[in-house]
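*Asks:* have a look at this fold, sequence not included:
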């Protein structure tokens, strides 16, 4: 009996010591990429993307992981179809040629137990540039409805759209674009 307890204890310790990273699949019904920018200085206009996919890999013990998010630019929704058609066209997102934009990272930044940033590469219109997403509201826990481990967060960054080749109407239509993403992901 003592040998069984010792073996079980060692097995438990070794599985903790070698805990593997956990892969989480984005929940598209609770992942909300959006943007805002100045319109002629009169107001801040908002838009969103209704379709996104990807994975987040997290090794909480080692405070490492990766992020791979793809956003369908054709799912852009600003609340007005005529504007959406123009913004999806060659002057802006050129969705026919570039149907996705992506964010990929292998560097998570923690302060203690709290994830505060994700450093990675953002690709828009075929141009890739480094981007740091500031993270707030980070939480990993058992999802009360799905009964699976889940993580969620809010992330923000600001880009200059002209640096990605989207310079139509700059500066009248703002060059600075605030990107926000509310994300939830469930363990695969």
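*Replies:* Good, I have the coordinates. Predicted model only: the values in this text are computed from it and were never measured.

*Asks:* rest of the way, CA atoms for contacts and neighbours
*Replies:* Will do.

*Asks:* can you map out the helices along this protein?
*Replies:* Per DSSP state H, the chain carries helices over the ranges 2-17, 81-88.

*Asks:* state the mean pLDDT of the longest one.
*Replies:* Model confidence over helix 2-17, given as mean pLDDT, is 41.

*Asks:* use 36 as the first number from now on
*Replies:* Let's use 36 as the start, then, which means that last one is helix 37-52.

*Asks:* for residue 184, which residues are in contact?
*Replies:* 175-178, 221-222 (CA atoms under 8 Å, 6 or more residues apart in numbering).

*Asks:* how close does it sit to residue 58?
*Replies:* 10 Å (CA to CA, to the nearest Å).

*Asks:* over to residue 84?
*Replies:* 23 Å.

*Asks:* residue 98 now?
*Replies:* Counting by CA to CA - residue 98 and residue 58 are separated by 14 Å.

*Asks:* with residue 95 instead?
*Replies:* 11 Å.

*Asks:* tell me, how many residues neighbour residue 207?
*Replies:* Using other CA atoms under 10 Å, residue 207 has 12 other residues around it.

*Asks:* that older thread, nearest to residue 108, of the contacts of residue 184?
*Replies:* Minimum distance to residue 108 across the contacts of residue 184 is 23.4 Å, recorded for residue 221 (CA to CA).

*Asks:* and for the closest one, the neighbour number?
*Replies:* For residue 221, using other CA under 10 Å, the count is 23.
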